[in-house]
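Trainee: Need coordinates for the below:
(2 chains)
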2 protein chains.
Amino acid sequence: MARRPTLEFWYEFASTYSYLAVMRIEALAEAAEVDLRWRPFLLGPIFAAQGWNNSPFNIYPVKGRNMWRDLDREAARLSLPPVTRPNPFPQNSLVATRVAIYAADQDWLVPFTKAAFEVSFAKGCSIAEPQAVSAILDGLGLDGTSILKAATSDTNKGRLKLAGEEARSRGIYGAPNFLAEDGELFWGNDRLEQALDWAQGNRPGRMR
Amino acid sequence: MARRPTLEFWYEFASTYSYLAVMRIEALAEAAEVDLRWRPFLLGPIFAAQGWNNSPFNIYPVKGRNMWRDLDREAARLSLPPVTRPNPFPQNSLVATRVAIYAADQDWLVPFTKAAFEVSFAKGCSIAEPQAVSAILDGLGLDGTSILKAATSDTNKGRLKLAGEEARSRGIYGAPNFLAEDGELFWGNDRLEQALDWAQGNRPGRMR
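Mentor: Alright, predicted model coming up:
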């Protein structure tokens, strides 16, 4: 059997369009026969490096207004539940990201990721506090307390930092992103279909 | 015969994704039985109001790098000719926009717009100088010299200013945009299909 191509899915727990991608990527990737590697990372340090200490959707409120409306429309079009805005937005995603980084090779990375995004953007609840993240883990039948402890180890903090450095070195400046094996980077939920096509090797002649 | 819905198409001559929209909007609107109103405007003053004195693709070079690659990919996917970057980018679009504003009720607004975008983003040539814009008009069998003179009148400058104020009042912060009759604003070439659906009245129940 031919090896299936792999697409890396780089997402940030505080990112609105990462939510849309998280909710729909599995079905599309399965249909395209593309394997996924889920890559949680923190966008905050990357934003800080370009002079933003907040979400651009808050820094530029006119843009933010249209983004929330667009998110509602897109969620409806994609047959997802209505979006409820987490308060405050953006949520501090440090704890959730540490846990997801710790889960890199665990079979619960994807269920945890989806559950955290649903708590945040479908229910509109906080995922910022350790207790909130612990409760999500408990809800998956895992041991939230011990996972949170392990996720706070220096080793795991080092892995999180490394993921951030890798994101930067790949040219990532936002979320979500889809990164093909040849390094081709697709930014934004709107490019998921194109990224899957690319991973499958379907591309116009002049882009080969 | 039922009245066809109208969609306003707000575009900026220096905008990369406006180019993609300009090249494909007519066929899609015709297929959707939606009438278009072409609305040229200047994005510069809106960017300046949010603290940018250059294209965000230049201010944030990592984002700019991915945008140009994405533009190449999208042009290929949409079967458009390869993109050639105008130098410098962004082009000063004042003269072209003045002419397009002057042409608001003329049958040559669309041919002029398409020709200017092709000169800029397919041929990679300048549209910044009056002579360049005049040559585009001449190429359409028009009198470039007298049109440029008329476009520089105080009356026309006033209309350009008014278009900018209307853009701001509609919540516009980038380009291209598609504005439905009910005020629904869609930003970005990626939303053209959704905007046409909206104009036709096709929308999920909860978005009505």
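Trainee: For chain A, what lies in contact range of chain B?
Mentor: For chain A, the contact set with chain B under C-beta under 8 Å from any C-beta of the partner chain comprises A:50, A:60, A:62-63, A:65-66, A:69-70, A:72-74, A:76-77, A:82, A:171, A:173-174, A:185-187, A:190-191, A:194, A:203-204, A:206-207. Quick note: C-beta positions are derived from backbone N, CA and C, even for glycine.
Trainee: Whichever of these end up buried, select them in ChimeraX.
Mentor: Buried residues within the residues of chain A next to chain B, by 16 or more other C-beta atoms under 10 Å in any protein chain shown, are selected in ChimeraX with:
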select /A:60,62,63,66,69,70,72,73,74,76,171,173,174,185,186,187,190,191,194,203
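Trainee: Helices - which of the residues of chain A next to chain B land there?
Mentor: Secondary structure assignment by DSSP state H places A:Val62, A:Lys63, A:Arg65, A:Asn66, A:Arg69, A:Asp70, A:Asp72, A:Arg73, A:Glu74, A:Ala76, A:Arg77, A:Gln194 of the residues of chain A next to chain B in helices.
Trainee: The fifth one and A:Cys125, how far apart?
Mentor: Read it as A:Arg69. Distance of A:Arg69 to A:Cys125, computed by C-beta to C-beta, to the nearest Å: 22 Å.
Trainee: re the thing from before, from the ones in helices among the residues of chain A next to chain B, which single one is nearest A:Ala32?
Mentor: Closest to A:Ala32 out of those is A:Gln194 (11.2 Å), distances taken as C-beta to C-beta.
Trainee: got a list of what the closest residue to that closest one other than its chain neighbours touches?
Mentor: Nearest non-adjacent residue to A:Gln194, counting by C-beta to C-beta, 6 or more residues apart in numbering or on different chains: A:Phe186, 5.9 Å away. With C-beta atoms under 8 Å, 6 or more residues apart in numbering or on different chains as the criterion, the residues that contact A:Phe186 are A:Asn177, A:Phe178, A:Leu179, A:Ala180, A:Leu192, A:Gln194, A:Ala195, A:Trp198, B:Asp70.
Trainee: Including distance to B:Asn156 and pLDDT, could the residues you listed go into a markdown table?
Mentor: As requested, the contacts of A:Phe186 are exported to a markdown table (distance: C-beta to C-beta, whole Å; pLDDT from 0 to 100):
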| residue | distance to B:Asn156 | pLDDT |
| --- | --- | --- |
| A:Asn177 | 44 | 98 |
| A:Phe178 | 45 | 98 |
| A:Leu179 | 48 | 98 |
| A:Ala180 | 48 | 98 |
| A:Leu192 | 44 | 98 |
| A:Gln194 | 41 | 97 |
| A:Ala195 | 45 | 98 |
| A:Trp198 | 45 | 97 |
| B:Asp70 | 35 | 98 |
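Trainee: Tell me the one among these nearest to B:Ala14.
Mentor: Nearest to B:Ala14 among the contacts of A:Phe186: B:Asp70, at 17.1 Å, using C-beta to C-beta.
Trainee: isn't the closest one right next to A:Trp187, touching?
Mentor: Yes - with contact defined as C-beta atoms under 8 Å, B:Asp70 reaches A:Trp187; the gap is 7.2 Å.
Trainee: Contacts only, for A:Leu160.
Mentor: A:Phe41, A:Leu42, A:Thr97, A:Arg98, A:Ile101.
Trainee: Would you confirm that it belongs to a helix?
Mentor: Yes - judged by DSSP: H, G, I helix; E, B strand; the rest coil, A:Leu160 forms part of a helix.
Trainee: okay, it: pLDDT?
Mentor: For A:Leu160, the model assigns a pLDDT of 98.
Trainee: With A:Met1 instead?
Mentor: A:Met1 is given a pLDDT of 60.
Trainee: ditto for the one 3 residues further on
Mentor: As summarised for this prediction, A:Arg4 has a pLDDT of 95.
Trainee: check contacts around it.
Mentor: Applying C-beta under 8 Å, 6+ apart, one finds that A:Arg4 lies in contact with A:Glu33, A:Val34, A:Asp35.
Trainee: Kindly report the same for A:Ala21.
Mentor: So A:Ala21 contacts A:Phe9, A:Tyr11, A:Pro176, A:Asn189, A:Leu192 (C-beta under 8 Å, 6+ apart).
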